[in-house]
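> this one's sequence-less:
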């Protein structure tokens, strides 16, 4: 692939975003956060007990913990409104979700 690859994040966005250019690539250093730096709802933190239980072949504990996690998620979702989403806003006119570059950046988008 010799040509850079670009994306246009939204239909109305005239600015293109560079996705990949082989001339500018470099190997990233992987930096793992400490347990205290990981957000509370990070998948590794949320599902850690389930994973450990499966590894230990304790499927009863894994099943109970899975049901607890899913129940808690359903409870949280019931309390959400459109302001809870970080990278998308709901466009009522188009009846679809639109990418927003920053949390709460996009107001109602016009067609």
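In hand now; what should we look at? Remember, predicted model here, so these are calculated numbers, not experimental data. Residues are numbered from 1 along each chain as shown.
> okay, CA-based contacts and neighbour counts for the rest of this
Will do.
> secondary structure element for residue 74?
According to DSSP states H and E, residue 74 maps onto helix 59-78.
> pLDDT (mean, whole number) over that helix?
For helix 59-78, mean pLDDT is 95.
> Could you report the neighbour count for residue 49?
If you count neighbours by other Cα atoms under 10 Å, residue 49 ends up with 15.
> That one reaches residue 68, doesn't it?
No: the pair residue 49 / residue 68 is not scored as a contact, 11.2 Å apart, by Cα atoms under 8 Å.
> Whatever helix or strand comes next after the helix holding residue 74 pairs with which strands, parallel or anti?
Sequence-wise, the next helix or strand downstream of helix 59-78 (DSSP H and E) is strand 88-91. Strand 88-91 pairs in its sheet with strand 96-99 (antiparallel), by DSSP bridges.
> Buried residues of the strand it pairs with, list them for me.
Buried residues in strand 96-99, counted by 16 or more other Cα atoms under 10 Å: residue 98.
> swap in stretch 40-49?
Across stretch 40-49, burial judged by 16+ other Cα under 10 Å covers no residue at all.
> Let me know the pLDDT of residue 46.
pLDDT, read off for residue 46, is 94.
> Would you agree it is in contact with residue 69?
Yes: using Cα under 8 Å, residue 46 is in contact with residue 69, at 7.4 Å.
> sorry, back to before: name the residues that touch the helix holding residue 74?
Here helix 59-78 makes contact (Cα atoms under 8 Å, 6 or more residues apart in numbering) with 46, 47, 49, 50, 51, 53, 54.
> Point out where the chain drops to low pLDDT.
Counting by pLDDT under 70, the chain has low-confidence residues at 1, 9-14, 102-111.
> 90 instead?
Applying pLDDT under 90 to the chain picks out residues 1-28, 32-33, 35-36, 38-41, 44, 76-92, 94-111.
> From residue 89, how far out is residue 96?
Residue 96 sits 9 Å away from residue 89 when distances are taken as Cα to Cα, to the nearest Å.
> on that earlier part again, quick one: the helix holding residue 74 to chain centroid distance?
Distance of helix 59-78 from the chain centroid (Cα atoms, centre = their mean, to the nearest Å) equals 19 Å.
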